[in-house]
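# Can you look at this prediction? I've put the sequence above it.
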Amino acid sequence: MSYMALYRKFRPGNFADVKGQDHIAKTLQNQIKAERIGHAYLFCGTRGTGKTSVAKIFAKAVNCEHPIDGSPCGECSMCRAISEGRSMNVIEIDAASNNGVENIRDLREEVQYTPSKGKYKVYIIDEVHMLSIGAFNALLKTLEEPPSHVIFILATTEVHKLPATILSRCQRFDFRRIDPKKICERLQFIAKEEGLTLTDSAATLIAAAADGGMRDALSILDLCASSSKNIDESTVEAVCAMAGNDYLLELSDFIKSKNTEKALLMLDKLHNSSVDMLRLLSELIAHYRDLMIIKTVKQGNLPIVCSTTRLKALQTQAADYDIKDIMYALSVLQNATVLMQSGNRRCEMEMAIIKLCNPQLAVDLESLERRISALEKGNFVPNAT
């Protein structure tokens, strides 16, 4: 038997298994129990948050022969057929490759046929924002008044690209980024099931890298498991080509002290170690974002995903940083992200570091204000290296 990826092997089979989307699972369960099932749903949210998984659970629940509290039993022939991808009642359509008017016209003809078994035919249109304007127009009438045996579930990561006419015809459900603690709990459960040893710090690092997406988290865990059965922070850093927390702290210290030479030498060392410059830039942005949060949020739980040791190191560094310097760094790094898409990644990263170490090279109003502030404090260094 071929190997099955963890995100597929541990895909939730009923509403109770869905993590981080309790508000959606409960609402859909109540609709099924009350037999108030809609004809068109819109699932929107970032990737890996459970849109397709919930759509398939919903498809099983509405066709289940013995539903349990609005959730599929998982044992009947319909549930098994849908879970195994054998059912003709669930039709998945990738809008990215089927986005033309002719594809939707074929769909409109197909929906007229009743299911040979079960109550509903469920059409799951993934990345629906990729449909052409003509395709959207062709879909409108069917979406508004589909046959009674048809349910549409539209899934998208970019809901702002959908026409208002489509939005108004659907029940909208917004999938949230999954809480890092829930991701860590799930990772530990799966690691135990797979016979893996996963440290708490490694789980936290995976959750941070996944940015609220359970599928991404499981994919990273899968890669780590291929490298070692005992997964710690160093394993995750190696697999994800991360620079590592110590390097980020050291690099940002060089930037703060305006030590261009040491900052560039460290960048060269990281580049020679095969660290991806775009990934490093993303990590550095996240690092300065953490410093920004620490400087501005004084009460309650900090919205930062990291270990206790790293949090203390961040707090120590933040105490020596001016909030204006942090905001300036974020601005320069965000601009570099755009430039990296078409330019030489290493060169763009080096240019960004030089700008951060030498604010006099920038001519925007914000940088001028920072230079004036530095002069007033008596610590401006015009040609630091």
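Sure thing, it's come through.

# C-alpha only now, for contacts and for neighbours.
OK.

# who's in contact with residue 70?
Contacts for residue 70 (C-alpha atoms under 8 Å, 6 or more residues apart in numbering) come out as 28, 29, 30, 31, 32, 33, 61.

# which one of these has the most neighbours?
residue 61 (27 neighbours; other C-alpha atoms under 10 Å).

# Which residue ranges of the stretch 51-200 of the chain form strands?
Secondary structure of the stretch 51-200 of the chain by DSSP state E, counting those that start in this stretch: the strands cover 90-94, 121-126, 150-156, 171-174, 197-198.

# and the ones you listed as a markdown table, adding mean neighbour count?
Output for these, formatted as a markdown table (neighbours: other C-alpha atoms under 10 Å):
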| stretch | mean neighbour count |
| --- | --- |
| strand 90-94 | 17 |
| strand 121-126 | 24 |
| strand 150-156 | 24 |
| strand 171-174 | 16 |
| strand 197-198 | 19 |
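
# Of the ones you listed, which is nearest residue 325?
strand 171-174 (35.4 Å; C-alpha to C-alpha).

# What helices and strands are in contact with the closest one?
Strand 171-174 makes packing contacts with strand 40-44 when contacts are defined by 3 or more C-alpha pairs under 8 Å, 6 or more residues apart in numbering; DSSP states H and E.

# the inter-axis angle of the strand it packs on versus strand 121-126?
Orientation check (axes from the mean of the first three to the mean of the last three C-alpha atoms, to 10 degrees): strand 40-44 against strand 121-126 gives 30 degrees.

# Please save the CA atoms from strand 40-44 in PDB.
Output in PDB follows, covering the C-alpha atoms of strand 40-44 (Å, rounded to 0.1, in the frame of the first residue of the first chain):
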ATOM      1  CA  ALA A  40     -25.800  27.200  -1.600                       C
ATOM      2  CA  TYR A  41     -23.000  27.800   0.800                       C
ATOM      3  CA  LEU A  42     -19.800  29.900   0.700                       C
ATOM      4  CA  PHE A  43     -16.800  28.700   2.700                       C
ATOM      5  CA  CYS A  44     -14.100  31.400   2.800                       C
END
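
# residues making contact with it?
If you take C-alpha under 8 Å, 6+ apart as the criterion, strand 40-44 is touched by 51, 143-144, 151-159, 167, 169-175.

# Can you say which of the strands of the stretch 51-200 of the chain is nearest to residue 20?
That would be strand 171-174 among those, by C-alpha to C-alpha, at 11.8 Å.

# what lines up beside that closest one in the sheet?
Each strand that pairs with strand 171-174, with its direction, by DSSP bridges: strand 40-44 (parallel).

# Looking at the strands of the stretch 51-200 of the chain, spot the one closest to residue 135.
Of all the strands of the stretch 51-200 of the chain, strand 121-126 sits nearest to residue 135, with 12.4 Å by C-alpha to C-alpha.

# who touches the closest one?
52, 55, 59, 88-95, 111, 114-115, 149-156.

# let's go with 7 Å and repeat that
Residues from elsewhere that reach strand 121-126, judged by C-alpha atoms under 7 Å, 6 or more residues apart in numbering: 59, 89-95, 115, 149-156.

# now do stretch 281-290
If you take C-alpha under 7 Å, 6+ apart as the criterion, stretch 281-290 is touched by 248, 304, 326, 330, 333.

# Please apply the same query to stretch 138-149.
Applying C-alpha under 7 Å, 6+ apart, the external contacts of stretch 138-149 come out as 40, 101, 104, 105, 108, 112, 114, 119, 120, 121, 166, 169.

# residue contacts, the third one?
Residue 104 makes contact with 135, 138, 139, according to C-alpha under 7 Å, 6+ apart.

# export these to a markdown table and tack on pLDDT?
Below are the contacts of residue 104 laid out as a markdown table (pLDDT from 0 to 100):
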| residue | pLDDT |
| --- | --- |
| 135 | 90 |
| 138 | 88 |
| 139 | 90 |
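
# coming back round to it: with distance to residue 239 added, can I get the strands of the stretch 51-200 of the chain in JSON lines?
Shown next, in JSON lines, are the strands of the stretch 51-200 of the chain (distance: least, C-alpha to C-alpha, whole Å):
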{"stretch": "strand 90-94", "distance to residue 239": "30"}
{"stretch": "strand 121-126", "distance to residue 239": "29"}
{"stretch": "strand 150-156", "distance to residue 239": "29"}
{"stretch": "strand 171-174", "distance to residue 239": "31"}
{"stretch": "strand 197-198", "distance to residue 239": "14"}
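
# And those strands: which comes nearest residue 337?
For the strands of the stretch 51-200 of the chain, the distance to residue 337 is smallest for strand 150-156, at 24.2 Å, taking C-alpha to C-alpha.

# Enumerate every residue touching residue 25.
Contact partners of residue 25, counting by C-alpha under 7 Å, 6+ apart, are residue 15.

# count of neighbours near the nearest residue to residue 73 once chain neighbours are set aside?
Nearest non-adjacent residue to residue 73, counting by C-alpha to C-alpha, 6 or more residues apart in numbering: residue 67, 5.3 Å away. Residue 67 sits with 19 neighbouring residues when counted by other C-alpha under 10 Å.

# Likewise for residue 111?
Per other C-alpha under 10 Å, the neighbour tally for residue 111 reads 18.

# now do residue 87
For residue 87, the number of neighbouring residues by other C-alpha under 10 Å comes to 18.

# same question, residue 376
Neighbours of residue 376 (other C-alpha under 10 Å): 10.

# For it, give me the pLDDT.
Looking at residue 376, its pLDDT stands at 70.
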